[in-house]
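Student: Kindly generate the corresponding structure for this input.
(one chain, ligands or ions: 1)
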Amino acid sequence: MENDIELEFVTDYHCIVNTNNIRSGNIGAILLHNFACIIDTTTYLITAKKFREKIEKKFKLPIKFLIYTHYHGDHIFGASAFRDLAIISSKQTLRNLTSVETLKSIEEWKNNLIKEDSFAKGIEIVLPSICFLDKLLIKDEGLEIEINHCGGHTSGSTYVYFPKEKVIYTGDLIFEDIYPYAGDPTCNPDVWITQLEKIQNMDIEKIVPGHGPILEKRELNKHIIFFKSLRALVREAIRKNLPIDTMIPPDFFEFEADIWKPIAVEYWYNFYRRQK
Ligand SMILES: [Zn+2]
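Tutor: Purely as a prediction, here's the structure:
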């Protein structure tokens, strides 16, 4: 894990992110006139704390809300750095954090990290305190943040849009420079692709992914093409009754040998086979 936490400006002022740790997820902030909101926490409490301290010191704004883009540990395990804030998520993310199947897997993930990773000290699962069904707006003197439930990567996945500066924080709907993790038990590939196409039609310029560096809007299309080619490949294999290990998944992302690649292929194959 990289220990250094810099504040990267997505735009001239309001939108900030740290993308140093590609495996442990991005942590973002949107600065309004009177307060700031944080988006996700990374895997680590130590990272979340440092990011918070830097935002508070540099901008002298109180932080009011923490927004979870979804329930995965690499986006929420640092949440105890923000325990005093109101924590916002979609209702479905709260369900993911409390239902037997999904909670068990992230509790195991957390406990293994605490055992194996010396940076994982103090990581915790903190439940959200404000939940919304479809959309939630945060307003402050003419500025507005839109939080939208969209599903796809997980059933509770959410993106955060700041129209004033045409910035979207997509959470794990987008992984840049790293193979996407596409094997969550609540992942829906069709919803994922539809939501990326909707985002492509939004008035945006910059995209902050869940992992990896900031993108320009024009770079979104390569992600849509990638997901569509993966979907076409698994559907074709199912139609021809080909076994999963005969498929050659599309090469696109930098880390081709990544462990997340076979996970994506296997989950999508089984997803579409169930629908047959
Ligand atoms: Zn995720």
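
Student: So which residues of the stretch 151-276 of the chain form helices?
Tutor: With DSSP state H, counting those that start in this stretch, the ranges of helices along the stretch 151-276 of the chain come out as 189-200, 220-239, 260-275.

Student: can you redo those helices as TSV with distance to Tyr68, mean pLDDT and mean neighbour count?
Tutor: Backbone N, C-alpha and C define where each C-beta goes, glycine included. Converted to TSV, the helices of the stretch 151-276 of the chain look like this (distance: least, Cβ to Cβ, whole Å; pLDDT from 0 to 100; neighbours: other Cβ atoms under 10 Å):
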stretch	distance to Tyr68	mean pLDDT	mean neighbour count
helix 189-200	17	98	18
helix 220-239	22	93	17
helix 260-275	21	90	17
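
Student: Could you give me the buried positions within stretch 111-130?
Tutor: Buried positions in stretch 111-130, judged by neighbour count with 16 or more other Cβ atoms under 10 Å: Leu113, Phe119, Ala120, Ile123, Ile125, Val126, Pro128.

Student: Apologies, that question was intended for stretch 155-166.
Tutor: Within stretch 155-166, the residues that count as buried by 16+ other Cβ under 10 Å are Ser155, Gly156, Ser157, Thr158, Tyr159, Val160, Tyr161, Phe162, Lys164, Glu165, Lys166.

Student: Tell me who's in contact with the nearest residue to Ile145 once chain neighbours are set aside.
Tutor: Spatial nearest neighbour of Ile145, chain neighbours left out: Ile138 (4.3 Å); criterion: Cβ to Cβ, 6 or more residues apart in numbering. Applying Cβ atoms under 8 Å, 6 or more residues apart in numbering, we find Ile138 in contact with Leu32, Cys37, Phe65, Glu144, Ile145, Ile147.

Student: are any of the residues you listed buried, and which?
Tutor: Leu32, Cys37, Phe65, Ile145, Ile147.

Student: and these as JSON lines, adding distance to the ion and secondary structure?
Tutor: Listed next are the buried ones among the contacts of Ile138 as JSON lines, based on distance: Cβ to the ion, whole Å; DSSP: H, G, I helix; E, B strand; the rest coil:
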{"residue": "Leu32", "distance to the ion": "26", "secondary structure": "coil"}
{"residue": "Cys37", "distance to the ion": "20", "secondary structure": "strand"}
{"residue": "Phe65", "distance to the ion": "20", "secondary structure": "strand"}
{"residue": "Ile145", "distance to the ion": "21", "secondary structure": "strand"}
{"residue": "Ile147", "distance to the ion": "17", "secondary structure": "strand"}
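
Student: Between those, which sits nearest His14?
Tutor: Of all the buried ones among the contacts of Ile138, His14 sits closest to Leu32, with 7.5 Å by Cβ to Cβ.

Student: Run the chain-centre distance for stretch 215-233.
Tutor: Taking Cα atoms, centre = their mean, to the nearest Å, one finds stretch 215-233 lying 17 Å from the centre of the chain it belongs to.

Student: An error on my part: the question was meant for stretch 38-54.
Tutor: Per Cα atoms, centre = their mean, the centroid offset for stretch 38-54 relative to its chain is 14 Å.

Student: And that stretch, end to end?
Tutor: Using Cα to Cα, to the nearest Å, the end-to-end distance of stretch 38-54 comes out at 12 Å.

Student: OK, contacts around the residue nearest the centre of the chain?
Tutor: Among the residues of the chain, the one closest to the centroid is Gly171, at 2.4 Å (Cα atoms, centre = their mean). By Cβ under 8 Å, 6+ apart, the contact set of Gly171 is Ile39, Asp40, Thr69, His70, His75, His153, Ser157, Thr158, Tyr159, Val160, Gly210.

Student: In CSV, list those along with distance to Ile204.
Tutor: Below are the contacts of Gly171 laid out as CSV (distance: Cβ to Cβ, whole Å):
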residue, distance to Ile204
Ile39, 15
Asp40, 18
Thr69, 16
His70, 19
His75, 21
His153, 18
Ser157, 17
Thr158, 16
Tyr159, 10
Val160, 12
Gly210, 16
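
Student: Among those residues, which lie within strands?
Tutor: By the criterion of DSSP state E, membership of these in strands covers Ile39, Thr158, Tyr159, Val160, Gly210.

Student: Settle this for me: the first one is touching Val160, isn't it.
Tutor: Yes - Ile39 is within contact range of Val160, at 5.4 Å (criterion: Cβ atoms under 8 Å).
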